[in-house]
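In: Below: sequence and its predicted model.
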Amino acid sequence: MDSNTEVLVAWRSGLSGWDALVDRYSRLVWSVPRSFRLSQTDAADVYQCTWLCLAEHLTRLREPDHLATWLVRTATRQSIAVLRTRGREVSYDLWEPESVLPSPDEVVITHDRRRRLWSALMTLNERCQRLLRIAAHSPELSYAQVADALGMNLGSVGSTRSRCLADLRRKVGDLR
């Protein structure tokens, strides 16, 4: 089975196609929660939830050739949800002294930098936004995998990425 369409048709008629999908995209799905530096347990939860979401939405998938992109987006959303949940959890270890928290100034500066970066990112075109998000969240992906996930020509990934980063740097600088 070569194309995603063939795999999806096979899955709909039996489980053999599911194994082919998992074999084809397993590394890609795992790379997303790892890029968020989630614990092994949280990364496994994200991995499992991503495949569950695919199983739940498979019949509604309109463009099988964009499955890699769909999986990356879903795993990214799942990873962010885990981080938000973990950010609200407070664990106390009564045997260890409290860790040193950042000063209020450091918190404000960090928040301002993130706000400027995200504001600048949102002004880029959708292609640049998608490319830079994948580059940031899955740096271990090869250009071939990125090209496949975004539907780009392999030879244009590097130059497009460079132009997008230069544009992002300029826009972040304009926000100062």
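Out: Structure's in. What do you need? Just so we're clear, the structure is a prediction, and the values are computed from it rather than from any experiment.

In: Nearest the geometric middle of the chain, what residue?
Out: T76 (3.6 Å; Cα atoms, centre = their mean).

In: Tell me the secondary structure of it, please.
Out: Put simply, T76 is helix when judged by DSSP: H, G, I helix; E, B strand; the rest coil.

In: same question, P139
Out: Applying three-state DSSP: P139 is coil.

In: Okay, strands next: where are they in the chain?
Out: Applying DSSP state E to the chain gives no strands.

In: hang on, the residue nearest to the centre of the chain packs against A136?
Out: No: counting by Cβ atoms under 8 Å, T76 sits too far from A136 to count as a contact (10.0 Å). (Glycine included, C-beta is placed from N, CA and C.)

In: ok, S103 - how many residues close by?
Out: Here the number of neighbours of S103 (other Cβ atoms under 10 Å) works out to 9.

In: May I have the phi/psi pair for it?
Out: For S103, the backbone dihedrals (degrees, to the nearest 10) come out as phi -70, psi 160.

In: Can you give me the separation between it and I109?
Out: 9 Å (Cβ to Cβ, to the nearest Å).

In: before we move on, what about L54?
Out: From L54 to I109 the distance is 40 Å (Cβ to Cβ).

In: Which residue of these two possesses the greater neighbour count?
Out: A direct count of neighbours by other Cβ under 10 Å for L54 and I109 places L54 higher, at 20 against 12.

In: Surely T160 touches R130?
Out: No: with contact defined as Cβ under 8 Å, T160 does not count as touching R130 (10.5 Å).

In: So Y25 sits against L71, correct?
Out: Yes: counting by Cβ under 8 Å, Y25 touches L71, with 5.5 Å between them.

In: residue contacts, the closest residue to P139 other than its chain neighbours?
Out: Among residues not flanking P139 along the chain, S35 sits closest, at 6.6 Å (Cβ to Cβ, 6 or more residues apart in numbering). Residues counted as contacts of S35 (Cβ atoms under 8 Å, 6 or more residues apart in numbering) are 79, 136-140.
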